[in-house]
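S.K.: fold the following for me, if possible:
(one chain, ligands or ions: 1)
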Amino acid sequence: MKLLRAAPIIRFLIPKLHQTMSRSLSTGVFQNSQPLNYRAGGRVQPVDSVGQEQAYEPSTGRVIATFACSGEKEVNEAIQSAKTAFKIWRQKSGMERSRVLLEAARIIRERSEELATMETINNGKSIFEARVDIEISWQTLEYYAGLAGSMAGQHVQLPGGSFGYTRREPLGVCVGIGAWNYPFQIACWKSGPALACGNAMVYKPSPFTPITVVLLAEIFTEAGAPPGLFNVVQGAAATGEFLCKHAEVAKISFTGSVPTGSKIMEMASKGIKPVTLELGGKSPLIIFSDSNFDNAVNGALMANFLTQGQVCCNGTRVFVQRDILQKFTEEVVKKVAKIKIGDPLLEDTRMGPLINRPQLEKVLAFVKGAKEQVSCLAVKMVKRNQTHHEVSLSPIGECRDDMTCVKEEIFGPVMSILPFDTEEEVLERANNTTYGLAAGVFSRFELCFNTSTLNRKI
Ligand SMILES: NC(=O)c1ccc[n+]([C@@H]2O[C@H](COP(=O)([O-])OP(=O)(O)OC[C@H]3O[C@@H](n4cnc5c(N)ncnc54)[C@H](O)[C@@H]3O)[C@@H](O)[C@H]2O)c1
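M.R.: Here you go, the predicted model:
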């Protein structure tokens, strides 16, 4: 009787504890002390390793975690753990799988402040944005939970009273490999559909952001997933390669850069494994002079400076119709100067630091190269910390299509502004890229251009 009464009180206290914990975390405080691998339903130290990595708090440059990169044996252990869970999970009905995913979504929602805080500490994006990331994460799980119960095969009537039918069957153990810019969200994009369809998963986050995906693994277990359904191995390229080459992996889902994606496709082809690749981008954003000016300016800012510009589908090639070019550039410069850069855990900060110093140096090299080619407007430079890194916000005025900063993915807060005159011209130029990921158009005209042309490559 006592235990029964206690249950609701404990449930009530847990969210409060989480809230207390997240509020007490401030910049420069968090230090990871727990194992960061996860298998068979719990945190574990890897049984072998291929080197060591350190994860940082970007806003201070402090090391917040030191961990071993999983070796071949540990990767195999994680895959065996997933295989064990797969045998149970594949027998579940879609509705039963849905229930677990919905419960995981509920727990994420309940712990969203704590999760967003951890994401901010390890990634450097503002808490304002990290909250949105966590919201999208639980929505992703809810979405796939909704699909799980309704997945069905087909029945085909054949001559002579015979019939054929199809069944939707899970593949088995799927591997997820993620990038560092949306650590928690990418893990949800990958695990949501895989688990909803009856698969098990071994996930490897980027070594820059190892922390929050382990919290997701714990949440799945708490939500009722069989032990081993979602496993985490930590490490860099070598660990990723052990995963991709493992004979018992049925599918690989990867988010990251084009060069790594191409290597992964090659490794997968050796085992005839299907792959899903979410890669880099250099997307066009076309702004016609008839557009709602304020919307267009705000859209361009969002499409270039969210998560410090470290977003794959950013609209970094901003094509602006010539008659509004000057007004547009002036307004962008004015608004960029007002973006609040600072400690990402503070409520009014809208932009934190880049992920690490090598990324900062890469971005600054692009800006330097661009300045040599055109007169640019590098608007804001903030030195955050002597030992670690700075942030720069740089709209680059009047770029040309052949400039390196316009052709290559910079993955930082750099907007290239390109003037254009006609619709035909801009569509041709927007499509002229080896990257195809996203596209945006600001105009009051509906369907005044051939969208199939725009979609052909983008
Ligand atoms: N299209 C999308 O949805 C999307 C989303 C986010 C990021 N991205 C892209 O990701 C890139 C930035 O992320 P990044 O720097 O982490 O990318 P990255 O390619 O360097 O690394 C991505 C992941 O792959 C792993 N990896 C590296 N080499 C490997 C190998 N040989 N075998 C197996 N795994 C390997 C890394 O450890 C990491 O976990 C950008 O290009 C960005 O556009 C794309």
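S.K.: torsion angles phi and psi at Ala179?
M.R.: phi -90, psi 180 (degrees, to the nearest 10).
S.K.: what does Phe420 give?
M.R.: phi -140, psi 160.
S.K.: three-state assignment of the nearest residue to it once chain neighbours are set aside?
M.R.: Spatial nearest neighbour of Phe420, chain neighbours left out: Val426 (4.2 Å); criterion: C-beta to C-beta, 6 or more residues apart in numbering. Bear in mind the C-beta positions are built from the backbone N, C-alpha and C, glycine included. Secondary structure, DSSP: H, G, I helix; E, B strand; the rest coil: Val426 is helix.
S.K.: tell me how far Val426 lies from Leu285.
M.R.: 11 Å (C-beta to C-beta, to the nearest Å).
S.K.: check Pro207 too.
M.R.: For Pro207, the distance to Leu285 - C-beta to C-beta - is 32 Å.
S.K.: of the two, which one has the most company?
M.R.: Leu285 (26 against 21; other C-beta atoms under 10 Å).
S.K.: what residue is smack in the middle of this structure?
M.R.: Tyr182 (3.1 Å; C-alpha atoms, centre = their mean).
S.K.: is it true that it touches Val132?
M.R.: No - assessed by C-beta atoms under 8 Å, Tyr182 is found out of contact with Val132, at 10.4 Å.
S.K.: find the nearest non-adjacent residue to Cys312, please.
M.R.: Gly281 is the one closest to Cys312 (C-beta to C-beta, 6+ apart), at 5.0 Å.
S.K.: list the residues that contact that neighbour.
M.R.: 312-314, 316, 409, 435-438 (C-beta atoms under 8 Å, 6 or more residues apart in numbering).
S.K.: do Gly71 as well
M.R.: 46-50, 239, 242.
S.K.: now swap in Asn122 and tell me
M.R.: Per C-beta under 8 Å, 6+ apart, neighbours of Asn122: 55, 57-58, 64, 183, 208-212.
S.K.: of the residues you listed, which is the nearest to the ligand?
M.R.: Nearest to the ligand, judged by C-beta to the nearest ligand atom, of these is Phe208 at 7.0 Å.
S.K.: number of residues surrounding the closest one?
M.R.: For Phe208, using other C-beta under 10 Å, the count is 21.
S.K.: how about it, secondary structure?
M.R.: coil.
S.K.: ok, and the closest non-adjacent residue to it?
M.R.: Trp180 is the one closest to Phe208 (C-beta to C-beta, 6+ apart), at 4.1 Å.
S.K.: assign the one you found to helix, strand or coil.
M.R.: coil.
S.K.: the chain should start at 870 in everything you say after this.
M.R.: Will do, 870 is the new start, and the previous item becomes Trp1049.
S.K.: so it is in contact with Thr1078, correct?
M.R.: Yes - between Trp1049 and Thr1078 there is a contact at 4.3 Å, judged by C-beta under 8 Å.
S.K.: that's all I had, so thanks and see you.
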